[in-house]
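Enquirer: Pasted the sequence and its predicted model underneath.
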Amino acid sequence: MATATKVDGQDKVIATAQQIVRSLATSKNAAEDMIRILSGFDNRLSSMNDLLPTAGTGCSSPTTGRVDARREVPAVGEYHLEEAEEVIQRWESSDSLLWEASAEEAVEYLDAVDELISLLESESFPEEFRARAEIAVQIAMARLEDEFRHLMIRNTVPLDADSLHSSIRRVSLSFNSVPGDSVEDFEESVDEDQNYETNLESRGSSFISGDRRIDLVLPEVVSDLKEIADRMIWAGYGKELCQVYSSIRRDILDECLSILGLERMSIEEVQRIEWRALDEKMKKWIQAMKVMVRILLTEEKRLSELIFSISDDIKEECFTGAAKPCILQILNFGDAISICQRSSEKLFRILDMYEALGNVIPELHSLFSAEAKNLICGEAEGIRKRLGDSVRGTFMEFAKDVQKDVSRRPLPGGEIHPLTRYVMNYVKLFVDYSSSLDVLLDDENVLGGGNGDDTQISGSMTPVGRSLLMLMSYLESNLDEKSKHYEDGGLQCIFLMNNILYMVQKVRDSELLGLLGDNWVRRHRAQVKQYANSYLRASWTKILSYLKDDGLGGSGSTSLSGAPKRTIKEKFKSFNLAFEEIYRIQTTWKVPDSELRDDLCISISERAIPAYRAFLGRFGVQLEAGRQAEKYIKYTAEELEQFISEFFKGSSGPSNLLRKKA
C-alpha cells in the first residue's frame with residue numbers, strides 16, 4: 001500500500017513538472033533549462049522535451065497577441081487561472097467601461113478571457129479548477145455583453161431625415177426602376193452634371209448618399225465589436241450576443257422607418273384613412289421599401305458579416321433578427337393596401353407599389369437565407385400577387401364605371417365632358433406601366449365588347465393596347481348616349497366633335513399612339529369630319545332653304561323678275577329671323593379647339609355666303625326701289641361672314657352689332 005502511494009506521488013510530481021514546462025513554453029530557453037535541472041533528479045523527466053513548441057507555433061496571435069480559436073491550447077496551471085481571475089474580478093467591481101478606459105486595459109481583459117476559455121477547452125485542465133474558471137468566464141461574458149451593447153449604442157450613427165431622403169434620390173438615380181417616379185417624383189430633380197455614387201461602398205459599416213458618407217456604425221469601432229463577438233461566440237454565448245445585437249439594430253431600423261414616414265398601422269387603420277393621406281403614405285412606402293432593402297438592409301448584412309465573421313450561423317441569425325421585423329412591417333402595409341376598397345385614383349399608386357416590390361424581391365432573396373428567406377420572400381411574392389390582383393380588379397371596375405357613367409344634365413355649349421378629360425388624362429399614364437399591365441391584363445376576359453372595327457384590329461395589339469381599345473370604345477359609347485341629352489341635333493354633333501377630337505389629340509400627342517396605332521387616329525379623325533357634316537345638315541339646311549328660288553316664279557310666270565315682292569320679302573324676313581336665332585344660340589356653343597372652330601366657320605361660310613349673295617343679287621333689286629328696303633335686306637354678305645366668325649366661342653350673348661341690326 002505504501003509502495004503504491006509512493007508511485008502515485010511520483011506520478012503527480014512528473015505531471016506537475018509537465019505543467020510547468022507547458023507554462024514556460026513561450027520561452028524555449030527557459031523551458032530547456034528547467035528540463036535539464038529536473039532530469040538531473042529523475043531521468044524520466046527528460047522525455048518532456050516533446051512538450052516544447054516547434055518553430056512557427058505558439059499560443060498567441062503574431063499580430064495582436066490574443067488567443068485564436070485555432071491555436072494550441074495554453075498550459076494549465078493554477079497560477080494562470082488566478083492571474084486571469086484577478087483581471088476579471090478587478091473589472092467586476094468597477095463601474096467604468098473597458099473601452100472607455102484604455103486600449104491596453106481592454107487588451108489585458110481580452111487576454112484574460114482568452115486564457116480562461118483555453119483552460120476550459122484543455123482536456124488536461126484539472127477538474128478542481130474548472131468550476132472557478134467557468135464562474136470567471138460567466139462574469140466576463142456578462143461584462144463583454146454590456147461592453148458590446150454600450151459600444152453599439154454609443155457608436156451607432158443617427159440617421160436623420162436629410163441623410164435618408166438624400167439616399168432616396170440616389171437610389172432613384174442609380175436604379176431608376178420604379179416607373180411610378182414619372183407620375184410624381186419622390187424628390188426634387190437634381191442637376192444632371194452632379195455625380196452620385198452608383199455602387200455601395202465595399203465597407204460594411206457605411207453607404208454613400210449623394211455626396212456625403214453616412215456610417216451605420218463608426219468604422220473604427222467595428223473591429224472592437226468583432227473582438228468581443230469572437231470571444232462570446234468562442235465561449236458559447238452566441239445566443240445572448242444575438243439578442244443584444246438584434247435588439248439594438250432592430251430599434252435603429254424602426255427609427256429609420258419612422259423617419260421615412262412609415263409608422264405601424266393595422267389593416268383597419270389603413271382602410272379608414274382618407275385618400276389624400278393614404279396616397280402620401282403609399283408614396284412613402286415606396287421610398288421606404290427602396291431605401292430599406294437597397295441601402296439599409298444591404299449595409300446591415302455587411303455589418304453583421306464583419307462583426308460575426310467567425311460564425312456563419314451567428315452572422316445570419318443576428319442579421320435576420322434585426323432585419324426581419326422591419327421588412328415584415330413594410331410588407332404588412334402593402335398587404336393592407338392590396339385588400340383596400342378599390343377606386344380608380346388608387347390604381348397607379350398601387351402599380352407603383354407592385355413594381356417597387358417586384359424590383360426588390362430578387363434582392364430580398366440574396367439578403368436572407370434558409371427559413372427567413374422562405375418566410376420573407378414568400379410573403380413578399382404573395383403580397384405582390386395580391387397587389388397585381390387589385391390592379392386588375394381596379395382597372396376592370398374603372399372600365400365599367402366609364403361605360404355606365406350617367407350625367408344628370410347635358411354640359412352647356414357642348415363642351416368637352418369632364419369624363420372625357422379624366423379618362424384620357426388617366427390612360428396616358430398607362431404607357432409608363434405598359435410592361436406590368438401587359439402581364440396583369442393578359443386575359444381575353446378582362447374586358448369585352450367594343451365595335452367591330454376595334455375587334456378586327458385588336459388581334460395584333462399588346463394586352464394593354466387591347467384593354468385600352470376596349471376602354472376607349474366604352475367611353476365613345478357613353479359619349480354617344482350623353483349627346484342625346486341635347487335637344488338640338490346640331491349641338492349633339494358639336495358635343496361629339498369636341499370630345500372625339502380631344503381623344504384623338506391626346507392619343508396623337510402622347511405615347512398612347514404606340515399602343516392604339518395610327519389606324520385608330522385616322523378612323524376617329526374621319527368621325528370628326530362626319531359629325532361636322534351632320535352638324536351642317538342639322539343646323540343650316542332649313543335656313544338655307546329660304547335662299548332658294550322655290551315659289552318665286554309668280555302666277556304662271558317663269559320670269560324671276562316678275563316674282564311677287566311679297567314672297568321675296570317673306571323669304572328675306574324668314575332668313576333674317578333664322579340667322580339671328582342661330583347666331584344667338586350658336587355663339588354660346590363652344591368649340592375649344594381653334595382649328596376645328598375655324599374649319600366649322602369656313603364650312604358654314606362656304607355654304608351660306610355664296611347662297612345669300614346670289615339670292616340678294618337676283619331679288620334684292622326689286623326691294624331696293626321700294627320703301628323700307630332695309631327692313632328686309634338687313635345684312636350684307638360681308639356682315640354675315642363676320643357674324644359667322646363669332647360662332648362657337650362660348651360667348652354669353654349676341655354682339656352689340658347684331659342687336660343694333662336687329
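Expert: Here it is on my side, so go on. All values reported here derive from a predicted model rather than from experimental measurement.

Enquirer: What are the boundaries of the strands in this structure?
Expert: Here the chain has its strands, by DSSP state E, at 206-209, 212-215.

Enquirer: quick one, domains of the chain?
Expert: Domain segmentation of the chain under automatic domain parsing yields 2-136, 161-399, 410-537, 546-661.

Enquirer: how about those in CSV, adding mean neighbour count and distance to residue 154?
Expert: Yep, even glycine has a C-beta here, placed from its N, CA and C like the rest. Listed next are the domains of the chain as CSV, based on neighbours: other C-beta atoms under 10 Å; distance: least, C-beta to C-beta, whole Å:
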stretch, mean neighbour count, distance to residue 154
domain 2-136, 15, 9
domain 161-399, 18, 8
domain 410-537, 18, 46
domain 546-661, 16, 66
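
Enquirer: What's the separation between the closest residue to residue 238 other than its chain neighbours and residue 141?
Expert: The shortest distance from residue 238 to any non-neighbouring residue, by C-beta to C-beta, 6 or more residues apart in numbering, is to residue 314 (4.6 Å). Distance, residue 314 to residue 141, by C-beta to C-beta, to the nearest Å: 14 Å.

Enquirer: do the same with residue 437
Expert: Per C-beta to C-beta, residue 437 is found 57 Å from residue 141.

Enquirer: again, but for residue 218
Expert: For residue 218, the distance to residue 141 equals 24 Å [C-beta to C-beta].

Enquirer: Next: residue 226.
Expert: Per C-beta to C-beta, residue 226 is found 16 Å from residue 141.

Enquirer: what does residue 358 give?
Expert: From residue 358 to residue 141 the distance is 45 Å (C-beta to C-beta).

Enquirer: got it, and residue 387?
Expert: Using C-beta to C-beta, one obtains 46 Å as the distance from residue 387 to residue 141.

Enquirer: Residue 340 too?
Expert: To residue 141, residue 340 is 49 Å away according to C-beta to C-beta.

Enquirer: pLDDT weak spots in the protein?
Expert: Where the chain drops to pLDDT under 70, the residues are 1-79, 161, 163, 165-214, 443-459, 551-563, 624-628, 653-662.

Enquirer: again, only using 80
Expert: Within the chain, the ranges that satisfy pLDDT under 80 run 1-79, 93-95, 157-215, 407-408, 443-460, 550-563, 624-630, 652-662.

Enquirer: centroid residue for it?
Expert: By C-alpha atoms, centre = their mean, the chain has its centre lying nearest to residue 286, at 3.5 Å.

Enquirer: if we can go back for a sec, in TSV: the domains of the chain, plus distance to residue 150.
Expert: Listed next are the domains of the chain as TSV, based on distance: least, C-beta to C-beta, whole Å:
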stretch	distance to residue 150
domain 2-136	6
domain 161-399	10
domain 410-537	48
domain 546-661	70
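
Enquirer: which stretch among those comes nearest residue 153?
Expert: When the domains of the chain are compared by C-beta to C-beta, domain 161-399 sits nearest residue 153, at 6.1 Å.

Enquirer: Report the distance from the closest one to the chain centre.
Expert: Put simply, domain 161-399 sits 11 Å off its chain's centre (C-alpha atoms, centre = their mean, to the nearest Å).

Enquirer: ok, now which ones touch residue 395?
Expert: Residues near residue 395 by C-beta atoms under 8 Å, 6 or more residues apart in numbering: 347, 437, 440, 441, 446, 467.

Enquirer: Mind putting those residues into JSON lines with distance to residue 112?
Expert: Shown next, in JSON lines, are the contacts of residue 395 (distance: C-beta to C-beta, whole Å):
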{"residue": "347", "distance to residue 112": "65"}
{"residue": "437", "distance to residue 112": "66"}
{"residue": "440", "distance to residue 112": "64"}
{"residue": "441", "distance to residue 112": "69"}
{"residue": "446", "distance to residue 112": "72"}
{"residue": "467", "distance to residue 112": "73"}
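
Enquirer: For residue 156, state which of the residues you listed is nearest.
Expert: residue 347 (40.3 Å).

Enquirer: How much space separates the closest one from residue 406?
Expert: Residue 347 sits 22 Å away from residue 406, going by C-beta to C-beta.

Enquirer: same thing with residue 130?
Expert: As judged by C-beta to C-beta, residue 130 and residue 406 stand 88 Å apart.

Enquirer: How about residue 503?
Expert: The gap separating residue 503 from residue 406 is 20 Å, by C-beta to C-beta.

Enquirer: any residues touching stretch 373-390, and which ones?
Expert: Contact with stretch 373-390 is made by 324, 327-328, 331, 334-335, 337-340, 342, 350, 353-354, 357-358, 360-361, 364-365, 368, 436, 439-440, as judged by C-beta under 8 Å, 6+ apart.

Enquirer: Recalculate using a threshold of 6 Å.
Expert: By C-beta atoms under 6 Å, 6 or more residues apart in numbering, the residues outside stretch 373-390 that reach it are 327, 331, 334-335, 338, 350, 353-354, 357-358, 361, 364-365, 368, 440.

Enquirer: Same question for stretch 493-508.
Expert: Defining contact as C-beta under 6 Å, 6+ apart, one finds that stretch 493-508 is touched by 414, 416-417, 420, 424, 479, 483, 513, 516, 521, 524-525, 527-528, 531, 534-535, 589, 593, 596.

Enquirer: Now with 7 Å, please.
Expert: Applying C-beta atoms under 7 Å, 6 or more residues apart in numbering, the external contacts of stretch 493-508 come out as 414-417, 420, 424, 428, 472, 479, 483, 486, 512-513, 516, 520-521, 524-525, 527-528, 531-532, 534-535, 538, 589, 591-593, 596.

Enquirer: Helices - which of those land there?
Expert: Residues of the contacts of stretch 493-508 located in helices (DSSP state H): 420, 424, 428, 472, 479, 483, 512-513, 516, 520-521, 524-525, 527-528, 531-532, 534-535, 538, 596.

Enquirer: how about the helices in the stretch 151-300 of the chain?
Expert: Secondary structure of the stretch 151-300 of the chain (DSSP state H, counting those that start in this stretch): helices at 161-175, 219-234, 238-259, 267-272, 275-291, 298-307.
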